[in-house]
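Peer 1: attaching a predicted model along with its sequence, questions to come.
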Amino acid sequence: MARYKHIDTSPRLLPVDLERQLLPGSFEHALNYLIDHELDLTSFDARYCNDRNGATAFPPAMLLKVVLFAYSQGIVSSRGIERACREHVTFIALSGDSAPHFTTLAAFVSGLDTEIAQLFAQILTLCDQQGLIGRQMFAIDGVKLPSNASKGKSGRRADFLRQAEKMEAAAKTMLKRHRANDEHPVEAELAEKEARQRQKLNAEAKKLRTWLADHPNDRPGTRGSVRLSNRTDNESAKMATDKGVIQGYCGVAAVDGKHQIIVDAQAHGTGSEQALLMPVINATAHLRTDQTLITADAGYHSKDNMAELAARNIPALIADNGMRGRDERFKDRLRHKTKPDPLHNKQGKKGSRHYRPQDFTYDENAGTCRCPAGKQLYQNGSNCIHNGYIAVKFQGAQRDCLPCKQRAKCLRTPAKTKTRQVCFFRGKANKDAFDPVARMKEAIDSDEGRALYGRRFATVEPVFGNLRYNKGLNRFTLRGQKKVDAQWKLFCLVHNIEKLARYGMRQ
């Protein structure tokens, strides 16, 4: 029988040079070199007041190394980072075998504010010096990530008030029933259980009342609407994603097209991306040139954004919701929506399609229109202005529409609407007037525009795939917009430092 040497993998003391554990060419080696030799961390000194009194503090350089390397391994929990600093040799090498406590790590990350913005700018400067920023195209997009907030504690102030009143009423009912049963005592265990339930209801109602007193107004939304509040993190928002509804923040990134360097990173507690376009463009003004192209998907498209881009002469290609409908390359896209998803079909069952204007027979020369049932509609407007376009309007007669058997397919609300109206457009009312939306559609529908916009997806989406899938950075662990914004910048720093390690510092 063959004999083999015994391999002992149990822990034992070994003479190890910690610095030699950081192999050249690796992420941790680049991270260690950058923080020790290239970055200015004097801005962190203002956080400490122990120059004469007090205990010595852990160096911010060491904490940054440990946190950024942990994020690169998908470890976001401060307790997980502390455990790795005791057990993992690379963490031990980066921390100098100092084993910081998890409270120290958590306080360091949650206290980052202006320091992280300065650190992000320094890394960008190094990327630029290494020639990793091309400035030909900046692709802007956002990813919605859940945060440390309860989705079940979202609502308007009226909802919270109603919940508090309901809890108080239930507690009073339980107390009244308890007093009514004084003549017929119940088991001590049941009475104690009911008392705990009543105490819990009163405590929760008191929390709701306190929150309502501290927040006298609802969160304002866009165009006078009301945004849902959240009692655990009122700066977060409910957001619809392809995996369902989450409570979190939208992490926005502007990515350069040359080596996919993130040139700007912001996190906002809103699911509407239209209001986030111009802040990102303003933040990248010092990096852009007059020829730098801005690209973004339809979530950032709005009339105000297009007007501001045109007024500032910023080259941009921002898609609209109808872009793919005008592109012949996507003419067969609708047939894929009919395919059932074996895992989760979010499309749901849709009702029968209503008659559209193209289903009506319109004779422009004769000025007549017939409905799918063969009835003639009468014209009630020939030069109407609708959204800047000249339109011809027709309306059905009550004697034809009311007894028609096709009302369910013709009208959205047959019980309320008596007759069908249909409108046909004949062109713009004022062709000489400047329309930034039409100009953007014309630019993005051109052959050159389609070719340039096609590069957007391959520029920004792999960045989110690297952060969420490869690195496992798929949720925020902090609360509050400032803290989450700092953590999102830390996520993006991991990506940029990795790019420096692969393409910049090797050269």
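Peer 2: Sure thing, it's come through. Everything quoted here is computed from the prediction, not taken from an experiment.
Peer 1: drop to CA atoms for contacts and neighbour counts, all remaining ones
Peer 2: Fine.
Peer 1: domain parsing for the chain?
Peer 2: What automatic domain parsing lists as the domains of the chain is 18-46+56-110, 137-147+248-332+435-481, 157-217, 357-419.
Peer 1: TSV for those domains, including mean pLDDT, distance to residue 233 and mean neighbour count?
Peer 2: As requested, the domains of the chain are exported to TSV (pLDDT from 0 to 100; distance: least, CA to CA, whole Å; neighbours: other CA atoms under 10 Å):
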stretch	mean pLDDT	distance to residue 233	mean neighbour count
domain 18-46+56-110	92	14	17
domain 137-147+248-332+435-481	91	6	18
domain 157-217	82	12	14
domain 357-419	88	40	15
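Peer 1: out of the ones you listed, nearest to residue 122?
Peer 2: domain 18-46+56-110 (6.7 Å; CA to CA).
Peer 1: start to end distance for the closest one?
Peer 2: Length of domain 18-46+56-110, first residue to last, CA to CA, to the nearest Å: 28 Å.
Peer 1: same check, this time on stretch 310-319
Peer 2: End-to-end span of stretch 310-319 (CA to CA): 15 Å.
Peer 1: need the residues that contact it.
Peer 2: Applying CA atoms under 8 Å, 6 or more residues apart in numbering, the contact partners of stretch 310-319 are 290-298, 300-301, 309, 436, 440-441, 443-444, 449, 453.
Peer 1: what does stretch 129-138 give?
Peer 2: 127, 254-259, 261, 287-289, 291-295, 503-505.
Peer 1: with stretch 361-379 instead?
Peer 2: For stretch 361-379, the external contacting residues (CA under 8 Å, 6+ apart) are 359-360, 392-397, 400, 406.
Peer 1: likewise for stretch 269-279?
Peer 2: So stretch 269-279 is contacted by 140, 142, 144, 235-240, 248-250, 252, 299-302, 305, 481 (CA under 8 Å, 6+ apart).
Peer 1: can you check stretch 465-481 too?
Peer 2: With CA under 8 Å, 6+ apart, stretch 465-481 has contacts from 71-77, 110, 145-149, 233-236, 248, 267-269, 484, 487-488, 491-492, 495.
Peer 1: kindly report the same for stretch 435-453.
Peer 2: 295, 303, 306-307, 310, 317-320, 323, 326-327.
Peer 1: please apply the same query to stretch 221-239.
Peer 2: Outside stretch 221-239, the residues within contact range by CA under 8 Å, 6+ apart are 144, 147-151, 153-157, 211, 218-220, 245-249, 268-271, 479-481.
Peer 1: for that stretch, buried residues please.
Peer 2: Neighbour counts using 16 or more other CA atoms under 10 Å place 227-239 of stretch 221-239 among the buried residues.
Peer 1: quick check: mean pLDDT of stretch 226-235?
Peer 2: The average pLDDT within stretch 226-235 is 87.
Peer 1: start to end distance for it?
Peer 2: With CA to CA applied, stretch 226-235 spans 14 Å between its terminal residues.
Peer 1: next one: that stretch to chain centre, how far?
Peer 2: Mean-position distance between stretch 226-235 and its chain equals 16 Å (CA atoms, centre = their mean, to the nearest Å).
Peer 1: reformat the contacts of stretch 435-453 as a markdown table; add secondary structure and distance to residue 280.
Peer 2: Below are those laid out as a markdown table (DSSP: H, G, I helix; E, B strand; the rest coil; distance: CA to CA, whole Å):
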| residue | secondary structure | distance to residue 280 |
| --- | --- | --- |
| 295 | strand | 12 |
| 303 | helix | 17 |
| 306 | helix | 15 |
| 307 | helix | 16 |
| 310 | helix | 16 |
| 317 | strand | 15 |
| 318 | strand | 14 |
| 319 | coil | 17 |
| 320 | coil | 19 |
| 323 | helix | 23 |
| 326 | helix | 28 |
| 327 | coil | 28 |
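Peer 1: from the contacts of stretch 361-379, pick the one nearest residue 100.
Peer 2: Distances from residue 100 to the contacts of stretch 361-379, taken as CA to CA, are shortest for residue 359 (70.8 Å).
Peer 1: ok, now how distant is the residue lying closest to that closest one once chain neighbours are set aside from residue 354?
Peer 2: Distances taken as CA to CA, 6 or more residues apart in numbering put residue 372 closest to residue 359, at 6.5 Å, once the chain neighbours are dropped. According to CA to CA, residue 372 and residue 354 sit 11 Å apart.
Peer 1: quick one on the thing from earlier: in strands, which of the contacts of stretch 465-481 appear?
Peer 2: Here DSSP state E is the test, and the contacts of stretch 465-481 give 145-146, 248, 267-268 as lying in strands.
Peer 1: and the residues you listed, which is closest to residue 424?
Peer 2: Closest approach between those and residue 424, by CA to CA: residue 268, at 41.3 Å.
Peer 1: my read: the closest one touches residue 251, true?
Peer 2: Yes. Applying CA atoms under 8 Å as the test, residue 268 and residue 251 come out as touching, 6.6 Å apart.
Peer 1: any common contacting residues for the two?
Peer 2: Common contacts of residue 268 and residue 251 (CA under 8 Å, 6+ apart): residue 485.
Peer 1: circling back to that earlier point, export the contacts of stretch 361-379 to a markdown table and tack on distance to residue 132 and secondary structure?
Peer 2: Converted to a markdown table, the contacts of stretch 361-379 look like this (distance: CA to CA, whole Å; DSSP: H, G, I helix; E, B strand; the rest coil):
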| residue | distance to residue 132 | secondary structure |
| --- | --- | --- |
| 359 | 54 | helix |
| 360 | 57 | coil |
| 392 | 55 | strand |
| 393 | 57 | strand |
| 394 | 59 | strand |
| 395 | 61 | strand |
| 396 | 64 | coil |
| 397 | 67 | coil |
| 400 | 69 | helix |
| 406 | 63 | coil |
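Peer 1: what's the most distant pair in those residues?
Peer 2: 392 and 406 (23.4 Å).
Peer 1: residue boundaries of the helices in the stretch 1-150 of the chain?
Peer 2: 27-33, 60-72, 78-87, 89-95, 102-110, 114-129 (DSSP state H, counting those that start in this stretch).
Peer 1: just send those back as TSV, with distance to residue 377 too.
Peer 2: Output for the helices of the stretch 1-150 of the chain, formatted as TSV (distance: least, CA to CA, whole Å):
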stretch	distance to residue 377
helix 27-33	71
helix 60-72	66
helix 78-87	70
helix 89-95	78
helix 102-110	66
helix 114-129	64
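Peer 1: from the contact counts, what lies against the top helix by length along the chain?
Peer 2: In the chain, with assignment by DSSP state H, the single longest helix is helix 188-214. Counting contacts by 3 or more CA pairs under 8 Å, 6 or more residues apart in numbering; DSSP states H and E, helix 188-214 packs against helix 157-180.
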